[in-house]
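Trainee: Provided below for reference: sequence and predicted model.
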Amino acid sequence: MKVDCHVHTAYSSTKMWKRDGFGRPEDVVKLASRSGLGGIAITDHHEIKGAKAAEKKGKRAGIVVIPGVEIRTDLGDVLALNVTEIPKGFTAEEVCENVKEMGGLAVAAHPFSSSPLRKGGAHLTAEAVEVLNSWSSRKDNLRAEIFAEASGKPFTAGSDAHFPELVGSAGIICSGETPDEIIEEIRKRRVRVFGGELPVLKKVRLSFKKVLGQFA
């Protein structure tokens, strides 16, 4: 099964971006199905509503939806996968510990991003590492791959799609068929990565589109 482990919906927002995601949960699920995915993880910033809405749509479409949240910490963003509530805490250590207590998987999102807007360091605390993020550069993703291999930590991959059209740009391939099974496959490092980085011009175009979307 192919699973995109990092997807946003219109419920996602941050202090910088009032509108961080531009796809309704039903549109995201529909695009996931068209892209040949078997599952997606909805990881809106500090919000769980999009994941819950997508779960309902996913059941009808035959798409496994892993509920999740993306939390901004003192050491960068952390994806909380397979949780039904928003993890508490500000520091990466607090958030990761809370995710663990909830039975979820804490993943350091784009841990080696060279963007000045993204801090790093959560990979030292999180249980798993995102080794392929479509919005990151090949160099940044390679550093994450090397770290995961050297540390023996579990790894994930995802499109980090803020627009539905990007769903399925990257992800993992595993044999799990439920959220719990998929998370277990990740923990045991029995997954393969697929996809790649977005072309620079496409990133620029979508970034401009995102800026314009703040005024829509």
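Mentor: Sure, I can see it.
Trainee: okay, CA-based contacts and neighbour counts for the rest of this
Mentor: Fine.
Trainee: which parts of the chain are strands?
Mentor: Ranges of strands within the chain are 2-7, 39-45, 64-73, 76-81, 105-108, 128-133, 155-158, 170-173, 192-195, based on DSSP state E.
Trainee: would a markdown table of those strands with mean pLDDT and distance to Val204 be doable?
Mentor: Below are those laid out as a markdown table (pLDDT from 0 to 100; distance: least, CA to CA, whole Å):
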| stretch | mean pLDDT | distance to Val204 |
| --- | --- | --- |
| strand 2-7 | 98 | 19 |
| strand 39-45 | 97 | 22 |
| strand 64-73 | 96 | 23 |
| strand 76-81 | 96 | 22 |
| strand 105-108 | 98 | 24 |
| strand 128-133 | 98 | 16 |
| strand 155-158 | 98 | 19 |
| strand 170-173 | 98 | 19 |
| strand 192-195 | 98 | 19 |
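Trainee: could those strands go into CSV alongside mean neighbour count and distance to Ala32?
Mentor: Below are the strands of the chain laid out as CSV (neighbours: other CA atoms under 10 Å; distance: least, CA to CA, whole Å):
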stretch, mean neighbour count, distance to Ala32
strand 2-7, 28, 8
strand 39-45, 30, 7
strand 64-73, 27, 10
strand 76-81, 28, 18
strand 105-108, 29, 21
strand 128-133, 28, 17
strand 155-158, 29, 12
strand 170-173, 27, 11
strand 192-195, 17, 14
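Trainee: export the ones you listed as TSV, with columns for distance to Glu145.
Mentor: Putting those into TSV (distance: least, CA to CA, whole Å) gives the following:
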stretch	distance to Glu145
strand 2-7	16
strand 39-45	20
strand 64-73	20
strand 76-81	17
strand 105-108	12
strand 128-133	5
strand 155-158	8
strand 170-173	13
strand 192-195	11
